[in-house]
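K.L.:
Return atomic coordinates for the entry below.
(chains A, B, C and D)
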Protein chains: 2
Amino acid sequence: MKDVASAAGVALKTVSRVVNGEPGVHPETAERVRAAIHRLGYSRNESARVLRRGRTATIGLVIEDVADPFYSGLGRAVEEVVIDHGCLLLSGSSGEQPGRERELVETFCARRVDGLIVVPAGEDHTYLRSELEAGTPVVFADRPPGAGLDVDTVLADNVSGAGQAVRHLLGHGHSRIAFLGDNPAIFTAAQRLQGYRAALGGLYDERLVSMRPPSLEAVRDDLARMLALDDPPTAVFAGNGRYTVTVLRALAGRPLALVGFDDFELADLLQPGVTVVAQDPSWMGRVAAELLFRRLRGDVGPSEHIELPVRLIPRGSGERPALPR
Amino acid sequence: MKDVASAAGVALKTVSRVVNGEPGVHPETAERVRAAIHRLGYSRNESARVLRRGRTATIGLVIEDVADPFYSGLGRAVEEVVIDHGCLLLSGSSGEQPGRERELVETFCARRVDGLIVVPAGEDHTYLRSELEAGTPVVFADRPPGAGLDVDTVLADNVSGAGQAVRHLLGHGHSRIAFLGDNPAIFTAAQRLQGYRAALGGLYDERLVSMRPPSLEAVRDDLARMLALDDPPTAVFAGNGRYTVTVLRALAGRPLALVGFDDFELADLLQPGVTVVAQDPSWMGRVAAELLFRRLRGDVGPSEHIELPVRLIPRGSGERPALPR
DNA sequence: GTGAAAGCGCTAACAG
DNA sequence: CTGTTAGCGCTTTCAC
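P.N.:
Numbering: from 1, shown residues only, chains lettered A, B, ... in the order given. Model (predicted):
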C-alpha cells in the first residue's frame, strides 16, 4: 500500500480510502491510485486489516462430516448465506469426536471468526462460555449444546417425525416395528427413539430396538436376531439416512416394510421406493446462518430455539402390508 | 498477551515463547505463564501472528459444489490432509461459474492462503499468474487450468475410462451406444466424449450423442429422440454421476444397458445394479493436497501432472444384452 | 479533499 | 534463560 501510495504520488490513507471505496477522494486522484494498484498488482492484506479492525469477515462451521450428504447440503446452504454477506467460510469435520469438535472450535476462535455454526459431537460445551461472553455469536444446528449453555439452536422436529413414521406403519397393519438407530448418546438418535417409543405405546418391545453405529455387520446381526424371535418384526424404522441404506443392504430383499429418517437421492429409484421422513438440510443451514447474521447485526434478544418440521414421503417401502409370518 | 505477561510478572516475549512452545524458558516460569493464560482465558490472536509471520497456515479449496458427492468426498480428503499439517481449510463452491471461481480465488489470495487447490470452472486462469509468481503454490484437481499456465495437476484418466465403458458394452453385443454427458466446455465431459468416440471408431454416430447440463427434461427429450431413430441405441454411456442418475430416471425402467462414469452410493442396490467406471474422489483429494504440501515444503521441481486410474465395476446394468428392437 | 501519526497483537532480531 | 525494540500492513483519529 505504501508502494502504491508513492507510485500514485499520494498518501497512504488516500490509497486506503480508494481500496475501501470510502468517499472523499477526488475522482481523478482515485483513478490515479487505481492505475497504480493495477500496475503493481497490489491486493489488500486482509490479515493486517483484520488485525486493525477486529472483525475477520469469517464464519466457522463445524459439522460431523463434509462428505455426508445431509451435512454437505447443510454446509452448502450455510456457504451461500455466508458469501452473500461478504464473508468466507472456514469449515471442518468433527467426525463425531468431541475432542476434534473442541479443537476445531478453539482453532476457529483463535482465528477470531466472527461467528460459529456448530453441529456438536460432544456433550460438554462449557469451553465455549468465555467465547460467548466475549460476544462471538454461536448457533447450534441439528443438535443442541450440552447442559448449561444458553445459545440459539435450529433443530428438526425429530420426535414428531419418528412418531409420524411409526403411525404410518401402524396404519398399514404393522404392530411389530423394529427401530435401528445410531448411538443414543447422539441427540437426534435419542429423540427419534423417544418419538418411536411414544407412538408405539404398549406395543413397545425393547427386543426390537438396537442402537449403535451403523456397520453392515452389526445391522445384519441385529436384524437376524430380531427376525428369529417368536414374534418377529414385520417393519423397520431406520433412525437416519445412513442407517436406512445399511438396513436396505442387510435386508437383502426380504419384504419387510421400511421407513427411514432422512431423505436420500435415489430413494425413489429403488424398488420399492423408500418411504422416508424427510428433513431439509439446506433449509436448516440457511436458517442457522441467517440467525447467526442477525446476531452479528446486533440482535441481542433472548436465545431462539427453532424447530423445523419434517414430512413423511410415502414411496412404497412403508406401505407394504404386514404379511403373516 | 501483554496482560498475561504482567499477570505472570514476565516480559511479553516470554509469554510468546510459552505460547509457541519455544525452548529456553524455565519450567517454573512457563508454569506461571500457563496459569496466567488459563486464568485470563487468553488465546493467541492468529491475525496478528499471521501478519507478523507472513504465513497463514490456511489452504484455500475451490470446488464446483460442496454438496456434490464427488466433490465433497474430494473435499473431505483435502481437509484431512490439511488438518494433519496443522492448517485450516477455507473452502468455497464455484457452482460451475468462472466468475465465481475467480472471485473465490482472489478472495483467498487476499487472505494470503499459503496454497490453493482448485477445481476450475473457467477456461482462463491468467489471473493466477501474479499469485503464482509471488510463490503461492496451486494444484488443479479434476480439471486442468486454461492454456498458458504451468501448474501441478491431478486428473483422472477420463479418456481410457470412457474407452473401458464403451468396450465393455461392445463386448456385450451393443453397437448402438448413446453418450449423454455434460457441456463439452467442461474438461472431463470433453475427455470422456473423446474416449467414447475413439473406442467406437466407425460405429460413432453423432445422432447418439447429446451434451448439455443434466436436467431431467433435457435427458428425457434426448433419449426419446434417439429411441425414435430407425436404428436406436440399445445402450447408454452416461458422462458423470449426476447424468447416470438422471438417465436412470429418464429411462424409467426401459431395459437399455447402462454404464455410468463415477460410482455412487446405492449403485449396487438398484435393480439391476449399475455398472460404473469408478473414480476415487478421496484419493484425488489426498494426492492433490499432499502434492501441495510438498510444494509448500519447498519442492520446486517441474510441475507434475498426475493421472489417476479408474476402474470399471460391473453390477448388471452394463451386462444387459443388446435386445433386438 | 487529503495527510500524518498512532497502534491493532504479535514475532524476529538482538541484547543481556 | 529472559527482556527490549522494531515493525508486519492496515485503519482510526484528528489535523490541515
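K.L.:
and A:Ala267, how many neighbours does it have?
P.N.:
The tally of other residues near A:Ala267 (other CB atoms under 10 Å in any protein chain shown) stands at 23. All C-beta spots, glycine's among them, are computed from the backbone N, C-alpha and C.
K.L.:
Mind telling me what element the closest residue to DNA strand D within the stretch 51-200 of chain A is part of?
P.N.:
Going by CB to the nearest atom of the strand, DNA strand D is nearest to A:Arg52 of the stretch 51-200 of chain A, at 3.6 Å. Using DSSP states H and E, the element containing A:Arg52 is helix A:46-53.
K.L.:
Return the residues in contact with the residue of the stretch 51-200 of chain A closest to DNA strand D.
P.N.:
Contacts for A:Arg52 (CB atoms under 8 Å, 6 or more residues apart in numbering or on different chains) come out as none.
K.L.:
where does it land on pLDDT?
P.N.:
The model reports A:Arg52 with a pLDDT of 90.
K.L.:
can you pull the pLDDT of whichever residue of the stretch 101-250 of chain A sits closest to DNA strand C?
P.N.:
Per CB to the nearest atom of the strand, A:Ala110 is where the stretch 101-250 of chain A lies closest to DNA strand C, at 8.6 Å. Looking at A:Ala110, its pLDDT stands at 87.
K.L.:
That one - how many residues pack around it?
P.N.:
Around A:Ala110 there are 15 residues (other CB under 10 Å).
K.L.:
where's the residue lying closest to A:Glu319 once chain neighbours are set aside relative to A:Ala257, distance?
P.N.:
Counting by CB to CB, 6 or more residues apart in numbering or on different chains, A:His172 is the residue found nearest to A:Glu319 once chain neighbours are left out, at 5.7 Å. Applying CB to CB, to the nearest Å, the value for A:His172 to A:Ala257 is 7 Å.
K.L.:
One more: A:Ala224?
P.N.:
Per CB to CB, A:Ala224 is found 18 Å from A:Ala257.
K.L.:
Comparing these two, which residue is more hemmed in?
P.N.:
A side-by-side neighbour count of A:Ala224 and A:Ala257, using other CB under 10 Å, places A:Ala257 first with 25 against 10.
K.L.:
Go ahead and confirm A:Ala162 touches A:Ala190.
P.N.:
No - counting by CB atoms under 8 Å, A:Ala190 is not a contact partner of A:Ala162; they are 10.5 Å apart.
K.L.:
which of the two has more neighbours?
P.N.:
More crowded of A:Ala162 and A:Ala190, by other CB under 10 Å: A:Ala162, with 29 against 19.
K.L.:
Quick check: phi and psi on the more buried one?
P.N.:
Backbone geometry at A:Ala162, expressed as degrees, to the nearest 10, gives phi -60, psi -40.
K.L.:
and what of A:Ile306?
P.N.:
phi -90, psi 130.
K.L.:
before we move on, what about the one 10 residues further on?
P.N.:
Main-chain torsions, A:Gly316, degrees, to the nearest 10: phi 130, psi -50.
K.L.:
Now do the same contact list for it.
P.N.:
Contacts of A:Gly316 (CB under 8 Å, 6+ apart): A:Gln271, A:Pro272, A:Gly273, A:Val274, A:Thr275.
K.L.:
what's the helix or strand that contains A:Phe108 packed up against?
P.N.:
Counting by DSSP H and E, the secondary-structure element that holds A:Phe108 is helix A:98-110. The helices and strands touching helix A:98-110, judged by 3 or more CB pairs under 8 Å, 6 or more residues apart in numbering or on different chains; DSSP states H and E, are strand A:58-63, strand A:88-93, strand A:115-118.
K.L.:
Kindly recompute the last result at 7 Å.
P.N.:
Judged by 3 or more CB pairs under 7 Å, 6 or more residues apart in numbering or on different chains; DSSP states H and E, helix A:98-110 is in contact with strand A:58-63, strand A:115-118.
K.L.:
hey, C-alpha coordinates of that helix in CSV?
P.N.:
C-alpha atoms of helix A:98-110 as CSV (Å, rounded to 0.1, in the frame of the first residue of the first chain):
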residue,chain,number,x,y,z
PRO,A,98,-15.9,-34.5,20.9
GLY,A,99,-12.2,-33.7,21.1
ARG,A,100,-12.0,-32.9,17.5
GLU,A,101,-15.0,-30.7,17.7
ARG,A,102,-13.5,-28.8,20.5
GLU,A,103,-10.1,-28.4,18.8
LEU,A,104,-11.8,-27.1,15.7
VAL,A,105,-13.9,-24.6,17.6
GLU,A,106,-10.9,-23.4,19.6
THR,A,107,-8.8,-23.0,16.4
PHE,A,108,-11.6,-21.1,14.8
CYS,A,109,-11.9,-18.9,17.8
ALA,A,110,-8.2,-18.2,17.9
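K.L.:
dump the residue contacts of the residue of the stretch 201-325 of chain A found nearest DNA strand C.
P.N.:
Taking CB to the nearest atom of the strand as the measure, the stretch 201-325 of chain A has A:Leu296 as its residue closest to DNA strand C, at 19.4 Å. Applying CB atoms under 7 Å, 6 or more residues apart in numbering or on different chains to A:Leu296 gives the contacts A:Asp114, A:Gly115, A:Pro137.
K.L.:
Take those residues and lay them out in a markdown table including pLDDT and neighbour count.
P.N.:
Below are these laid out as a markdown table (pLDDT from 0 to 100; neighbours: other CB atoms under 10 Å in any protein chain shown):
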| residue | pLDDT | neighbour count |
| --- | --- | --- |
| A:Asp114 | 93 | 22 |
| A:Gly115 | 95 | 23 |
| A:Pro137 | 94 | 22 |
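K.L.:
what's the distance between A:Val151 and B:Leu61?
P.N.:
Counting by CB to CB, the gap from A:Val151 to B:Leu61 is 29 Å.
K.L.:
Could you pull up phi and psi at A:Arg111?
P.N.:
phi -90, psi 10.
K.L.:
dump the residue contacts of the closest residue in space to it that isn't next to it in sequence.
P.N.:
Take A:Arg111 and drop its neighbours on the chain: the residue closest to it by CB to CB, 6+ apart is B:Glu46, 4.4 Å away. Applying CB under 7 Å, 6+ apart to B:Glu46 gives the contacts A:Ala110, A:Arg111, A:Arg112.
K.L.:
can you pull the pLDDT of B:Glu46?
P.N.:
Per-residue pLDDT puts B:Glu46 at 85.
K.L.:
tell me which parts of the stretch 51-200 of chain A are close to chain B?
P.N.:
With CB under 7 Å from any CB of the partner chain as the criterion, the stretch 51-200 of chain A comes near chain B at residues A:51, A:56, A:65-67, A:69, A:72-73, A:75-76, A:79, A:83, A:88-93, A:107, A:109-112, A:130.
K.L.:
repeat that for 8 Å
P.N.:
By CB under 8 Å from any CB of the partner chain, the residues of the stretch 51-200 of chain A that approach chain B are A:51, A:56, A:58, A:65-67, A:69, A:72-73, A:75-76, A:79, A:83, A:88-93, A:106-112, A:130.
K.L.:
Now the buried members of those residues.
P.N.:
A:51, A:56, A:58, A:65-67, A:69, A:72-73, A:75-76, A:79, A:83, A:88-93, A:107-109, A:111-112 (16 or more other CB atoms under 10 Å in any protein chain shown).
K.L.:
Which of the helices or strands spans the closest residue to chain B within the stretch 201-325 of chain A?
P.N.:
Relative to chain B, the nearest point of the stretch 201-325 of chain A is A:Leu266 (4.9 Å; CB to the nearest CB). Assigned by DSSP H and E, A:Leu266 falls within no helix or strand.
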